[in-house]
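Novice: Sequence and predicted model, in that order:
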Amino acid sequence: MKKIILLVFVFLSTFALAKEVKELAWPKGETFLTFLEQYGISQSLYFDLPKEDKELCSEINAGIPYHLLLDDDNSLKQVLIPVSEDIQLHIAKQLDGTYKFQTLPISYQEIEETLVLEISHSPYLDIMKKTNNKNLANELIRAFKSSVNFRGMQKGDFVVIKYKQKIRLGKYFGQPEIVAAMVEVAGDNNFIFRHERDGQYYDLNGKSLTNFTFKTPVRYSRISSRFQKRRFHPVLKRYRAHLGVDYAAPRGRKIYAAADGRITFRGRKGGYGNTIIIQHKNGLKTLYAHQYKFKGGLRRGSKVRKGQHIGYVGSTGLSSGPHLHLGLYRNGRAIDPLKIIKVTKSKLKGKEKRVFKEYAKTMSNRLKGHTKDLNVLIPTKLEDSLSSSPITIRNI
């Protein structure tokens, strides 16, 4: 593992020195195989990979920033391609001219800050002005969408956000995670609190503000592979990740939509084979891979209801046997489907509710207290990394 960490360090150090280094956006329609073809790399590099790594190659999203290092003859020397907030694909030319593939952890710094804003225009514009963090502005709006009418906000109202944010190569990286937040609307305070158990937002009384549940999409015999962000395998000496859940089931068994939504993709998707992607509300989407065939009458743009038949279990793509691979994403970040399907509740109960309400009460008092700190600016690691200067307070 030390060798892998050293490799990443040397690679990034080379980036800083080499003129050929480029930070590019992954083109729309580009696949891992077409990327290899573009640089004259044998596609056997892909087909010889373990199943989990082949699936990761299907997780590359259009627009994702990746880093490319070219040799003197414009051939590929090294490339780092993020496929999640934790894992990246690494291809490097060896001394004999062949190429080696690895999955490596993404090195980042995570900060935890509290942002205090007195509204002068709108929450979105004021957050952008202070932090230039578009994802944070969007997440705040999404989190309060069902409980706050932002049009009722007045100049002088407050927004207080306690959040976590990853920093990579001096830039914001990935989606921010709001721990707790307060939005004042015409003098009334509105709160949200993230529950660690399911990642959903709840109010002061332990009531879910997302009000969104998922259905298990297939009748399965067993779970053949569980969600795994990243893990260093002690025997194989490499990082492994599986960004979804595999449900083993017979070929031809019906697959159902896990929730209401709209189909945004229907077709072949690399190692995932026949795949359907459904966009849901609250920034969530689901991916159904390795299907034998699709249910007739469904197209890109079709609206579907929870429990609606969408396809059939198969083993298309790179699959060792019939199963459904279910991926779940929140704002582009892969999350564990089992965590959401099993435990998301519309309202907390019993001991869990009492504990959460006590936590929410304490946190709400701290958030309200920070409105007095509007003109306080404490230097943070975030400000050291970026040119923007948000109003921040450490260790709420």
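Specialist: Alright, I've got the coordinates. Numbering: from 1, shown residues only.

Novice: Give me the buried positions along the lengthiest helix in the chain.
Specialist: Once the chain is assigned using DSSP state H, the helix that runs over the most residues is helix 350-369. Residues of helix 350-369 classed as buried: K353, F356, K357, A360, M363, S364, L367 (neighbour count, 16 or more other C-beta atoms under 10 Å). (C-beta placed from N, C-alpha, C; glycine too.)

Novice: again, but for stretch 331-349
Specialist: Neighbour count says stretch 331-349 has N331, R333, A334, I335, D336, P337, L338, I340, I341, T344, K345, L348 buried, by 16+ other C-beta under 10 Å.

Novice: Same question for stretch 245-259.
Specialist: Buried residues in stretch 245-259 (16+ other C-beta under 10 Å): V245, D246, Y247, A248, A249, R253, I255, Y256, A257, A258, A259.

Novice: Return the subset of these lying in strands.
Specialist: Taking DSSP state E, the ones among the buried residues of stretch 245-259 that sit in strands are V245, D246, Y247, A248, I255, Y256.

Novice: which residues in this structure form helices?
Specialist: Applying DSSP H to the chain gives helices spanning 2-17, 32-38, 44-47, 51-57, 123-131, 134-144, 337-343, 350-369, 381-385.

Novice: Pull the residues that contact stretch 59-69.
Specialist: 11, 14-15, 18, 20-32, 76-84, 89, 243, 332, 334 (C-beta atoms under 8 Å, 6 or more residues apart in numbering).

Novice: Which members of those are classed as buried?
Specialist: Here, 16+ other C-beta under 10 Å leaves 11, 15, 21, 26, 31-32, 76-84, 89, 243, 334 buried among those.

Novice: Would you mind identifying the helix or strand in this structure with the lowest mean pLDDT?
Specialist: strand 392-393 (a mean of 34; mean pLDDT, DSSP states H and E).

Novice: Nearest residue to the residue nearest in space to the middle of the chain in space, please, no chain neighbours.
Specialist: With distances taken as C-alpha atoms, centre = their mean, the chain has R333 as the residue nearest its mean C-alpha position (0.9 Å). In space, and not counting its chain neighbours, R333 is closest to Q175: 5.1 Å by C-beta to C-beta, 6 or more residues apart in numbering.

Novice: Restricting to C-alpha, output stretch 103-116 in CSV.
Specialist: Extracted C-alpha coordinates of stretch 103-116, given in CSV (Å, rounded to 0.1, in the frame of the first residue of the first chain):
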residue,chain,number,x,y,z
THR,A,103,-7.6,1.4,-9.2
LEU,A,104,-6.2,3.8,-6.7
PRO,A,105,-7.7,5.8,-3.8
ILE,A,106,-8.3,9.5,-4.5
SER,A,107,-6.2,11.7,-2.2
TYR,A,108,-8.2,14.6,-0.8
GLN,A,109,-8.5,16.8,2.3
GLU,A,110,-11.8,17.0,4.0
ILE,A,111,-12.8,20.2,5.9
GLU,A,112,-15.7,21.0,8.1
GLU,A,113,-16.9,24.6,8.2
THR,A,114,-19.8,26.7,9.3
LEU,A,115,-20.8,29.4,6.8
VAL,A,116,-22.8,32.4,8.0
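
Novice: buried stuff in that stretch?
Specialist: Under 16+ other C-beta under 10 Å, the buried positions of stretch 103-116 are T103, L104, P105, I106, I111, E112, E113, T114, L115, V116.

Novice: Tell me how far the residue nearest to I276 when sequence neighbours are not counted lies from D203.
Specialist: Leaving out its chain neighbours, the residue that sits closest to I276 by C-beta to C-beta, 6+ apart is Y288, at 4.8 Å. Per C-beta to C-beta, to the nearest Å, Y288 is found 32 Å from D203.

Novice: neighbour count winner among the two?
Specialist: Y288 (27 against 17; other C-beta atoms under 10 Å).

Novice: tell me the contacts of the more buried one?
Specialist: Contact partners of Y288, counting by C-beta under 8 Å, 6+ apart, are P217, I255, T275, I276, I277, I278, I310, G311, L324, H325, L326.

Novice: wait, L338 sits on G244?
Specialist: No - judged on C-beta atoms under 8 Å, L338 makes no contact with G244 at a distance of 10.0 Å.

Novice: anything in contact with each of these two?
Specialist: F227.

Novice: where exactly do the strands run in the stretch 101-250 of the chain?
Specialist: 109-118, 158-168, 171-185, 188-194, 201-202, 222-225, 228-233, 238-242, 245-248 (DSSP state E, counting those that start in this stretch).

Novice: OK, contacts around the residue nearest to G314 when sequence neighbours are not counted?
Specialist: Among residues not flanking G314 along the chain, Y292 sits closest, at 2.7 Å (C-beta to C-beta, 6+ apart). Y292 is in contact with R251, G252, N274, G311, Y312, V313, G314, S315, T316, P322, counting by C-beta under 8 Å, 6+ apart.
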